[in-house]
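Engineer: structure for the following, please:
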Amino acid sequence: MLSLRTGSIGFLGEPLMHDLQCQDLIKRFGPFVAVNGVSFDVPRGSFFSILGPSGCGKTTLMRMIAGFESPSSGDIRIKGASVVSTPPNKRSVKMVFQHLALFPMMNVGENIAYGLRCRGESKADIGRKVAAVLDRVGLPGVAGKQVSQLSGGQKQRIAIARCMVLEPDVLLLDEPLGALDLKLRERMKIELKLLQHQFGTTFLYITHDQSEALVMSDNVAVMNAGRFEQIGSPQELYNNPRTGFVAGFVGDSNRWQGRVTAVERGEARVELQSGGVVIAAVGDGNVRAGANVEVFVRPEVISLGATKDANVMTGTVDSLLFNGASSRVLVRIGGGNLVEVGHVATEGASAIKPGDSTEISWARKHALCFVVAG
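Structural biologist: You can find the predicted model right below:
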């Protein structure tokens with residue numbers, strides 16, 4: 001049973017305060033195990049993301065936290081109190097869905113006030129709270145507008161305001177940017193992070209988009225096949241992945257299959273299936289001579305030209321992919337494989353063109369190898 005946790009001990013040994021704690025959660029649907037022994041703590045007032053591919057169990061996990069699904073076993077605690085037997089409407093948890101679910105027949109103010117009215121609050125208190133929350137999401141004075149008059153980004157903020165006016169301990173966000181266009185999605189990443197800081201509320205965000213998770217989160221859990229592979233800061237996951245799945249899923253990587261012929265001082269000598277030999281840092285404790293491994297190298301650590309004491313390959317420039325600061329060169333190496341190489345495509349940069357012969361190189365420490373599962 002897998003149990004991965006963020007730190008639970010604070011200054012001078014005092015326990016950290018957590019808004020959400022999940023312990024050994026399991027969810028079965030007949031013989032299928034959707035969530036398999038997941039444990040994690042979310043520190044108070046933080047932005048925590050669950051990142052994984054479609055079908056990995058992240059939505060099922062969130063539905064259990066919200067109360068829409070009951071765990072087969074395990075415990076869910078909000079501010080230290082178990083809520084497994086608490087119905088959804090009694091939990092101090094609110095949820096923002098991908099399609100927002102704003103009521104089209106109500107204006108903005110009525111949408112935000114809906115939960116307060118259901119709670120039986122006075123008209124004066126409702127008006128005051130609606131005005132205050134609209135101010136905090138940066139949309140003062142729009143209470144009288146119809147939902148259809150709002151932009152996509154404004155609708156997003158109203159959906160959050162409708163939840164935050166109820167002052168939940170945890171706000172759950174189920175891929176809320178999925179329906180937005182690319183430009184608006186990029187802007188909303190920043191806005192969501194700013195809103196989380198503004199309210200100081202714990203946000204639990206699920207997504208299959210690594211960019212969303214890395215940009216916004218204090219900590220990210222990478223989920224695969226019902227389990228958490230690794231929990232850490234975006235920087236930790238990107239620079240120090242603990243499994244081959246994390247190395248391949250978080251960020252872009254070139255990857256090659258190979259066989260280890262020797263291991264010495266934390267480095268493995270790998271004969272690639274496509275031909276050639278590379279030296280790679282050992283990514284897990286199972287890497288030993290004879291093991292079948294996968295080698296991961298990020299495009300931005302690869303340079304055009306040979307470098308001393310580095311892995312070197314020879315190839316031919318296949319094409320240039322211009323994307324400003326994220327531009328790449330595709331180099332075709334032995335076996336016909338394409339390697340993505342980071343390239344600064346600015347005025348005055350070295351001129352290269354398709355068909356040019358070139359060497360590419362990267363430091364040994366920037367290659368990681370993991371044993372191939374199965």
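Engineer: next one: the helix-or-strand element of the chain with minimal mean pLDDT to chain centre, how far?
Structural biologist: None of the helices or strands of the chain scores lower by mean pLDDT, DSSP states H and E than helix 182-199, at a mean of 86. Averaging C-alpha positions (C-alpha atoms, centre = their mean, to the nearest Å) puts helix 182-199 15 Å from its chain's average.
Engineer: one more: stretch 63-73?
Structural biologist: Counting by C-alpha atoms, centre = their mean, stretch 63-73 comes out at 21 Å from the chain centroid.
Engineer: in PDB, list the C-alpha atoms belonging to that stretch.
Structural biologist: In PDB, the C-alpha atoms belonging to stretch 63-73 read as follows (Å, rounded to 0.1, in the frame of the first residue of the first chain):
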ATOM      1  CA  ARG A  63     -15.500  13.000  -5.800                       C
ATOM      2  CA  MET A  64     -14.700  11.000  -2.600                       C
ATOM      3  CA  ILE A  65     -13.400  14.200  -0.900                       C
ATOM      4  CA  ALA A  66     -16.500  16.100  -2.000                       C
ATOM      5  CA  GLY A  67     -18.700  13.300  -0.700                       C
ATOM      6  CA  PHE A  68     -20.200  12.300  -4.000                       C
ATOM      7  CA  GLU A  69     -18.600   8.800  -3.800                       C
ATOM      8  CA  SER A  70     -17.900   6.800  -0.600                       C
ATOM      9  CA  PRO A  71     -14.500   5.200  -0.200                       C
ATOM     10  CA  SER A  72     -14.300   1.400   0.000                       C
ATOM     11  CA  SER A  73     -11.900   1.900   2.800                       C
END
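Engineer: quick one: mean pLDDT for that stretch?
Structural biologist: Averaged across stretch 63-73, pLDDT comes to 96.
Engineer: follow-up on the earlier one: after the least confident helix or strand of the chain comes which helix or strand?
Structural biologist: Scanning forward in sequence from helix 182-199 by DSSP states H and E, the next helix or strand is strand 202-207.
Engineer: elements contacting that following strand?
Structural biologist: Here strand 202-207 touches strand 18-29, strand 32-43, strand 47-51, helix 58-66, strand 170-174, helix 182-199, helix 210-216, going by 3 or more C-beta pairs under 8 Å, 6 or more residues apart in numbering; DSSP states H and E. Where you see a C-beta, it was placed from the backbone N, CA and C, and this is true even at glycine.
Engineer: state the next helix or strand along the chain beyond the fourth one.
Structural biologist: The first helix or strand that comes after helix 58-66 along the chain, using DSSP H and E, is strand 73-78.
Engineer: run me through the strand neighbours of the helix or strand just after that following strand, direction for each.
Structural biologist: Where DSSP H and E defines the elements, the next helix or strand beyond strand 73-78 is strand 81-82. Sheet pairing for strand 81-82, assigned by DSSP bridges, gives strand 73-78 (antiparallel).
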